[in-house]
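In: Need coordinates for the below:
(4 chains)
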Amino acid sequence: MSEPTQRSDSFEPRIVAFFCNWCTYTAADLAGTARMTYAPNARVVRVMCSGRLDPQFILAALRNGADGVLIGGCHPGDCHYQEGNYKALRRFILLKRMLASFGIEEERVRLEWIAASEGEKVQRVINEMTDTIRRLGPLRLEPLPAEAAEGHGQKVAVHGGAV
Amino acid sequence: MSAVNASPNGTPKVGVYVCHCGINIAGVIDVTKVVEFAKTLPNVTVAQEYKFMCSDPGQELIQKDLKDGKIDRVVVASCSPLMHEPTFRRAMAACGGNPFLFQMANIREHVSWVNKEKGSATEKAKALVAAAVRRVVFHKPLQKTQVPVNSDVLIVGGGISGIHAALTMADAGRKVYLVEREPTIGGHMAKFDKTFPTLDCSACILTPKMSQVRAHPNITLWTYSEVAEIEGYVGNFKARVRRKPKYVDEGLCVGCLECIEACIFKKGKFKDEFNVGLSLRKPIYVPFPQATPLVAVIDPETCAFFRTGKCKQTCAEVCERKAIDFNQKEEIKEINVGAIILATGFKTFDASRIARYGYGKYPTVYTSLEVERLVNAAGPTGGEVLLPNGQKPKAVGIVHCVGSRDEKTNRYCSRVCCMYSLKLAHLIHERTGAEVYNFYIDMRTPGKGYEEFYDRLMKENVHFIRGRVAEVSDWAMTPEEEGKLVIRAEDTLVGAVRRIPVDMVVLSVGLEPQPDADEVRRRFNISCSTEGWFLERHPKLAPVSTFTDGIFLAGACQGPKDIPDCVAQAGAAAAEALAMIDRGHVELEPNTAFVTEEFCSGCKTCVPLCPYSAISFDTSKNKAVVNGALCKGCGTCVAACPSGALQQNLFTDEEIFNEIEGVVKYV
Amino acid sequence: MEKWQGWDKIQYEAGLDPHFGTKIASIPGGDKLLACIQCGTCSGVCPLSPYMDYTPRQIVAMIRAGFKAEVLSSYTTWLCASCYSCTVECPKEIKITDVMYAVKRMAIQEGVYPKRFPTPVLASEFFHSVEKTGRSTESWLLVRMYLKTNPFKMLKQAMLGFNLWRRGRMGVGVESIKRKDELHRLFTAMENETRAERRAGQEVRP
Amino acid sequence: MTYVYFPGCSLTSTGRGYHESLQEVCRALEVPIQELEDWNCCGATSYMAVDESKAFALSARNLALAERLGNGSTQMMVPCAACYLGLNKAQHYLQEFPAIRGKVDKALAAAGLAYSGRVQIRHPLDIFIKDIGRDKIAARVAKPLAGLKVACYYGCQLVRPYAEFDDQHNPTTMETIMTVLGAEVIDWPLKTRCCGGSLTGTIEDVGLRLSYIILTEAQKRGADLVATACPLCQFNLECYQGKMNGRFGLNGKVPVAYFTQLMGLAFGLSNKSLGLNRLFVPLPERRAVAAGGGAHVRG
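Out: Predicted structure coming up:
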């Protein structure tokens, strides 16, 4: 069986990275092709567009043990689906407000525009974020409202209407 | 955990296959540990490793387990899904499996290639495998939808790349729209005198192809036109092309050029774009004698009629065919095409950005493109290399790498400058007998017959000084330098700084993306590299494809290229487009959104969110309806649906939630 | 005539210092040194390169290759007037002027600069005078430099000194700041910092 | 706003004329300046060659003293090109490299000082053009320098590598000022070429050669005099002309003045107050121009 990373004495943050298929995921592939070494702490979940990101996903990641969440989308104006990234941005702003009210440090959730050619940015952002969260320490959560709710299908009210 | 019975055949049986990729993965990740770990995961019935999963024997492993009924869904932990997802899906489909009961864990690009430390890399790989296994359990068998393909093609840019692609497609019987921004096709190649290394005449090999374009029944040529808007998707694009008024009716004009003769301006007065400002033209002009189409153009910026309203309109008077039409208006053409080839080319580096080289300050400092016109028999000096004072230079310095290999301008090597500098050195030496000095950093001549050409130039007594030019200036240290331009550079092979007085300096300017490349790439929804060149889908294996299906690249818009490479790439782009069109249909990824009616509350949140108007509202049922043919699968509506009624195939909430749980709590 | 010495120009690996390049490259922003493409722009723009024993480009190549002894004893760095042309023009953005400084510092630390060559002497004298008084006094600085290098030359310069003095452009007094103790504390703390770095086993930059 | 004035060591000796004329010109233009109390050597060129950390510490003390004076945004006027570079370099390195910053912060603290990076280091050329403006300078011109052909010489360290107020390759600030003063400027390619710096004092042959090249080119292009903005450039170009005559055959004498001295002249200030009596080569006689008339402004 595997040994999990020692989380008590040498804290290694776990970061869930939601990357859009067209820009940021491709950039992460490019970072790989170019052998740009970076912190192993981020694990990528691919979505077609950052617009697919339901705030529930971020909450689920944090609830399940992630110490931080990174969202990567195309630069403004570059969205493969016209403006999914703007939608992601609006949801992100609302979500941050909500996280703040739970006392979650705002550095734990980060949104970055990373174009397909910006492998270096993937490297830099993941390294920065790992350092930041290592400094902040593990995320200790009070029960989130969603925890009270049943299952995954339920949604919490962070959609902010037609965003 | 719920919904395990989502599997069509009862309990899901997941096969996990971990690839070594030679040492690419196995060199960093302890593959055996990952396999052992996978065996412990719920629903995993088979877990094994193999050297190259993408090879035939690798694929056969999967196929055998599928056929033996050991597994019904597959996780391959190997490279990026953007690389080999189609390979494995095909393998599954080939033996009767559903290709969408498949998930890839990217443990190469995202793990072994970006990690040096074995322990943490292995852990990360396990997490990704766990996530993929959790997720694939929820995958549903899906079918790709087939959409018919429009067999017409749009080619943007009428340089040598666009011309070659257009002729190839047209010869294959496809209908081609060739759109060019300038009044004529031909691009940069039309401005050159000779081509390296064979020194054959550029016009002699290009103009026949230009005429063929003009005459080809399958090609619609729109010059002086730009693509304004693109809608749609692979196989079914809709383009709006803006045709600027030439104020001369293309159908009537026969290219007799009488109108130009008759213009009230007796002589040229305005900078001639085609001769890069080295000569003057009239407000009514043709770019050059072999312009295609050979139709006069009136430039409203300089035409007296458009500027003042007062002109005798002698051009119109003299035209027997009444082709001149001052009332011509901009036209918008709407066309439907199945594929698009971008061949928008490059621009040359603005030499005045490097102040030390004196371009714009000393009149005898030229760019290489200007010298191309000077040595051209059809150019402003009739092919004679003459200085502004009308004399031939006795000594000429050619400065390589201007705007290339320089962190402050462009980091990349422009690839063509060494060779065209050699060509210009030869032509200048041949036409003037001048001493020619080439200042280079490294001589780059990889190509058929290129090194031989370099060899020839050295034997022609052209001087080669290995050293980047420090400055071009007009201060003299010796009597011989008086009245000359002095090039100062270290002769690095000798280890001494040299000052070389010359009469003429040629700056071998590098190639840059077109100034509006960023705007254009947005219009066509493709990406650019950091330097601004259009980004190919894969640098080695898909060099003419883009990340947007149905849009292909040809020529220097993708990166600096010489003519042979442009033509080769244009041919490749045409072939790729043909292959796509001739299939007759495209298969669309079934990652579209769908509504589970019983959950839909009819809140209409989703309706305005869709950028493609794929969601409508059924008022009788009070439910949202997704048109699968219009949906592109971004999932924005799904994220916004408050009741969970909207879901996206391959990216359902439960698939994503399970993937998240997998990556964070895999143990 | 003496026995012909010959030039043994062959360079044996054993005679090189493989760490010299990385040591020099450890100065702030110095890693770019390793990306030099040997284009010679630095030498070409350098107004002093005609008088150097190695051109700046050659010095960079020698640094990378580990020619420590040759580089430290070369006149090149001591001819550098710090005009920053090379730094500004380098296409790889190598801070060549700073590289020259690093070489100078290492040469002084290791005492291997060209002997009786006036530039390093001037630098050291300048350093000591400022360390003591907080300011430099140009007249005394030059006097001490000539005494250490070529006392005869000072006599030749006497006329210039006289002319400057006559026009009030050179004093005989020594310039100094008031709060020398403040400066002293600053320097002592700086030395302690450097010592602490060394104790911590960190590679101390040249 | 009062500018904190940092004269630097040279302006107290060989560059005294610069010190005097700059103060006079500031007074005339109503630019308030206050000399930095107990300033020390900037660290300069030679210091960097011995101990880089201490060079930065030296600059940092000056910056800390200056910052203490202003409330948040001290503008420091630094006329000497070497000081301008030295202080700017320290400023940049403190910003760019945290390791240096940490070391310097600790050393400053030991001396009871602190620096947070808020001093702006500015050359008088920059201040005169950007803050004061050509109109105000023009309004002060009483005796235009009409008929005088000036070669503006910036030297190296003023524009390289840090100056942002002007073009690194072809600076024009001084030309603008000279034109406002009514003088004619020549176009020449050597205005930022090195004068030899301290090499004139150490390796004289080489140093003088560099100065000679600059003077000869200015002469060839018809300049009546060279205007400088750096004490070492002025010293090198002017005080060694005798030797250049002997060694390289420099043709005659070329006056070399600080641009501030020329401003003072045009403003009608006295020769003595501008330190013109300290020049080795006297300025050319001015062609008679009606005094008191408004400034002759061109271009």
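In: where does the chain have its least confident helix or strand?
Out: With no chain named, the answer covers chain A. helix A:145-148 (a mean of 49; mean pLDDT, DSSP states H and E).
In: You answered for a different chain; I wanted chain C.
Out: helix C:138-149 (a mean of 74).
In: got the buried residues for that helix?
Out: C:138-146, C:149 (16 or more other C-beta atoms under 10 Å in any protein chain shown). C-beta here means a position set from N, CA and C on the backbone, and glycine is covered the same way.
In: Could you do stretch B:274-291 as well?
Out: B:274-276, B:278, B:281-288, B:290-291.
In: okay, among those, which ones form the most distant pair?
Out: Within the buried residues of stretch B:274-291, B:283 and B:290 form the most distant pair, 21.3 Å apart (C-beta to C-beta).
In: So the closest residue to residue B:109 other than its chain neighbours, which state does it fall into?
Out: Closest residue to residue B:109 apart from its sequence neighbours, by C-beta to C-beta, 6 or more residues apart in numbering or on different chains: residue A:32 at 3.0 Å. Following DSSP: H, G, I helix; E, B strand; the rest coil, the label given to residue A:32 is helix.
In: so residue A:32 sits right up against residue B:83, yeah?
Out: No: in this structure, residue A:32 is not within contact of residue B:83 by C-beta atoms under 8 Å, at 10.4 Å.
In: out of the two, which sits in the busier spot?
Out: A count of neighbours by other C-beta atoms under 10 Å in any protein chain shown puts residue A:32 above the other of residue A:32 and residue B:83, at 25 against 18.
In: For chain D, tell me which of the buried residues of helix C:138-149 show up nearby.
Out: C:138-139, C:142, C:145 (C-beta under 8 Å from any C-beta of the partner chain).
In: Got phi/psi on residue 55?
Out: Just going to use chain A. phi -50, psi -30 (degrees, to the nearest 10).
In: That was the other one, I meant chain B.
Out: Torsion angles, degrees, to the nearest 10, at residue B:55: phi -70, psi 170.
In: With residue D:153 instead?
Out: Torsion angles, degrees, to the nearest 10, at residue D:153: phi -120, psi 120.
In: That one contacts residue D:215, doesn't it?
Out: No: if you go by C-beta under 8 Å, residue D:153 and residue D:215 don't touch, sitting 9.4 Å apart.
In: any common contacting residues for the two?
Out: The contact sets of residue D:153 and residue D:215 overlap at D:226, D:237 (C-beta atoms under 8 Å, 6 or more residues apart in numbering or on different chains).
In: what's the distance between whatever residue of the stretch 1-150 of chain D ends up closest to chain A and residue B:263?
Out: Proximity of the stretch 1-150 of chain D to chain A (C-beta to the nearest C-beta) peaks at residue D:98, 13.5 Å away. Using C-beta to C-beta, to the nearest Å, we find residue D:98 at a distance of 67 Å from residue B:263.
In: Same drill for these two, tell me which one is more crowded.
Out: Neighbour totals were compared for residue D:98 and residue B:263, and residue B:263 leads with 23 against 10 (other C-beta under 10 Å).
In: Could you list which residues are in contact with the more buried one?
Out: With C-beta under 8 Å, 6+ apart, residue B:263 has these contacts: B:282-284, B:314-315.
In: same check, this time on residue C:132
Out: Residue C:132 sits next to residue C:180 when contact means C-beta under 8 Å, 6+ apart.
In: Shouldn't it be within a strand?
Out: No: per three-state DSSP, residue C:132 lies outside any strand segment and is helix.
In: and residue 17, how many neighbours?
Out: Picking chain A for this. If you count neighbours by other C-beta under 10 Å, residue A:17 ends up with 28.
In: try again with chain D
Out: Residue D:17 has 25 neighbouring residues, counting by other C-beta under 10 Å.
In: who's in contact with it?
Out: By C-beta under 8 Å, 6+ apart, the contact set of residue D:17 is C:169, D:234, D:258, D:261, D:274-276, D:278-279.
In: 7 Å instead, please
Out: Going by C-beta atoms under 7 Å, 6 or more residues apart in numbering or on different chains, residue D:17 touches D:258, D:261, D:275, D:278-279.
In: any chance of those residues in CSV, with secondary structure and neighbour count too?
Out: Formatted as CSV, those follow (DSSP: H, G, I helix; E, B strand; the rest coil; neighbours: other C-beta atoms under 10 Å in any protein chain shown):
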residue, secondary structure, neighbour count
D:258, strand, 29
D:261, helix, 28
D:275, coil, 26
D:278, helix, 21
D:279, coil, 21
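In: Redo those residues as JSON lines? Include distance to chain A and pLDDT.
Out: Formatted as JSON lines, the contacts of residue D:17 follow (distance: C-beta to the nearest C-beta, whole Å; pLDDT from 0 to 100):
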{"residue": "D:258", "distance to chain A": "47", "pLDDT": "97"}
{"residue": "D:261", "distance to chain A": "51", "pLDDT": "97"}
{"residue": "D:275", "distance to chain A": "54", "pLDDT": "95"}
{"residue": "D:278", "distance to chain A": "56", "pLDDT": "94"}
{"residue": "D:279", "distance to chain A": "56", "pLDDT": "94"}
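In: Within reach of chain C, which of the residues you listed are there?
Out: Restricting the contacts of residue D:17 to those touching chain C (C-beta under 7 Å from any C-beta of the partner chain) yields residue D:278.
In: okay if I get the contacts of residue D:17 as JSON lines plus distance to chain B?
Out: Below are the contacts of residue D:17 laid out as JSON lines (distance: C-beta to the nearest C-beta, whole Å):
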{"residue": "D:258", "distance to chain B": "24"}
{"residue": "D:261", "distance to chain B": "26"}
{"residue": "D:275", "distance to chain B": "31"}
{"residue": "D:278", "distance to chain B": "30"}
{"residue": "D:279", "distance to chain B": "26"}
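In: Let me know whether the residue nearest to residue B:109 touches residue B:115 as I believe.
Out: No: the pair residue A:32 / residue B:115 is not scored as a contact, 9.8 Å apart, by C-beta atoms under 7 Å.
In: so how far is residue C:133 from residue C:179?
Out: Residue C:179 sits 12 Å away from residue C:133, going by C-beta to C-beta.
In: Those two - which one has more neighbours?
Out: It is residue C:133, of residue C:179 and residue C:133, that has more neighbours when counted by other C-beta under 10 Å, with 19 against 16.
In: The more buried one: what's it in contact with?
Out: Under the criterion of C-beta under 7 Å, 6+ apart, the contact list for residue C:133 reads C:174-177.
In: Could you rerun that using 10 Å?
Out: Residues near residue C:133 by C-beta atoms under 10 Å, 6 or more residues apart in numbering or on different chains: C:140, C:174-177, C:180, C:183, D:9, D:40-41.
In: ok, now residue B:611?
Out: Counting by C-beta under 10 Å, 6+ apart, residue B:611 touches A:51, A:79, A:81-84, A:87, B:632, B:634, B:636-637.
In: what's the answer for residue C:67, then?
Out: Contacts of residue C:67 by C-beta under 10 Å, 6+ apart are C:11, C:15-17, C:20-21, C:54, C:58-59, C:61, C:74.
In: Good, we can wrap up now.
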